[in-house]
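Undergrad: Compute the structure for the input listed below.
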Amino acid sequence: MKTSFVLPTGIEPLTRHPNATRPGQKIDLHHSMCYGCGADAEVGLRIAVTAGEGLTATATMQVENWMQGGPGVIHGGVLSGAFDEVMGTVPLLLRRPVVTGHLAIDYAKPIPLGSTVHFGCEIIGGIGRKIYTRSYAHLGDPDAPVAGAHALFIVIDLEQHFADYRDKAVHPS
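TA: Numbering: from 1, shown residues only. Alright, predicted model coming up:
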């Protein structure tokens, strides 16, 4: 599996915020209708991300029948969405909201329907508003990854970034 990712020169180590979610606890997110983590979304991944030590986290996702791509296996785009959710959540340990700037995935093995996918994720570092992360997925054996990913996230001002869209947001009734 290809796992190379060229980091920019000058990347700096980042530090966990003192008020960040404690290790072992679920990192609470933004709203219940989120496709990645929302409990009220009609169709969604329902991923719960758990804070680890330092700038790490873990997560799991059940591979359901509606996620099918090829016969009997998960669709690559669904796995992409899962990586985006997990890696986009970890910067909350810095207390910084982010949006995805770049996401690259290396698929190594098919993931069967009915599986539980386990994710490990960490923040590599950052420069200015840019935060770099990496993640891997496995089916229960961390030494046998089924996919890996790298991403760049951009720190945003939540109110300003979503100001033009808030009135169009769907909320559970």
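
Undergrad: This structure: strands as residue ranges?
TA: Applying DSSP state E to the chain gives strands spanning 48-51, 56-62, 98-107, 116-127, 130-138, 145-155.

Undergrad: Nearest to G69, out of those?
TA: Each of the strands of the chain was scored for nearness to G69 using Cβ to Cβ, and the closest is strand 98-107 (10.7 Å). Heads up, the C-betas are built off the backbone N, CA and C, glycines and all.

Undergrad: residues making contact with the closest one?
TA: Residues outside strand 98-107 that contact it (Cβ atoms under 8 Å, 6 or more residues apart in numbering) are 1-3, 5, 76, 79-80, 83-84, 87-88, 91, 130-131, 146-156, 161.

Undergrad: could you flag which of the residues you listed are buried?
TA: Burial by neighbour count, judged by 16 or more other Cβ atoms under 10 Å, picks out 5, 79-80, 83-84, 87-88, 91, 130-131, 146-154 from the contacts of strand 98-107.

Undergrad: what's around G10, how many residues?
TA: Here the neighbour count serves as a burial measure; for G10 (other Cβ atoms under 10 Å) it reads 8.

Undergrad: tell me the mean pLDDT for stretch 14-26?
TA: Here the mean pLDDT over stretch 14-26 is 97, rounded to a whole number.

Undergrad: now do the same end-to-end measure for that stretch.
TA: With Cα to Cα, to the nearest Å applied, stretch 14-26 spans 21 Å between its terminal residues.

Undergrad: which parts of it are buried?
TA: Residues of stretch 14-26 classed as buried by neighbour count (16+ other Cβ under 10 Å): L14, R16, A20, T21.

Undergrad: Return the list of helices and strands in contact with the biggest helix by length in the chain.
TA: Determined from DSSP state H, the single longest helix within the chain is helix 76-89. Here helix 76-89 touches strand 48-51, strand 56-62, strand 98-107, strand 116-127, strand 130-138, strand 145-155, going by 3 or more Cβ pairs under 8 Å, 6 or more residues apart in numbering; DSSP states H and E.

Undergrad: For those strands, give me a markdown table that also has distance to G36 and mean pLDDT.
TA: Listed next are the helices and strands packed on helix 76-89 as a markdown table, based on distance: least, Cβ to Cβ, whole Å; pLDDT from 0 to 100:
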| stretch | distance to G36 | mean pLDDT |
| --- | --- | --- |
| strand 48-51 | 9 | 94 |
| strand 56-62 | 9 | 97 |
| strand 98-107 | 11 | 95 |
| strand 116-127 | 12 | 98 |
| strand 130-138 | 13 | 97 |
| strand 145-155 | 13 | 97 |
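
Undergrad: so what's the residue lying closest to G126 once chain neighbours are set aside up against?
TA: With Cβ to Cβ, 6 or more residues apart in numbering as the measure, L14 is the residue that lies nearest to G126, at 5.1 Å, once sequence neighbours are left out. With contact taken as Cβ under 8 Å, 6+ apart, L14 is in contact with L55, L94, I123, G125, G126, I131.
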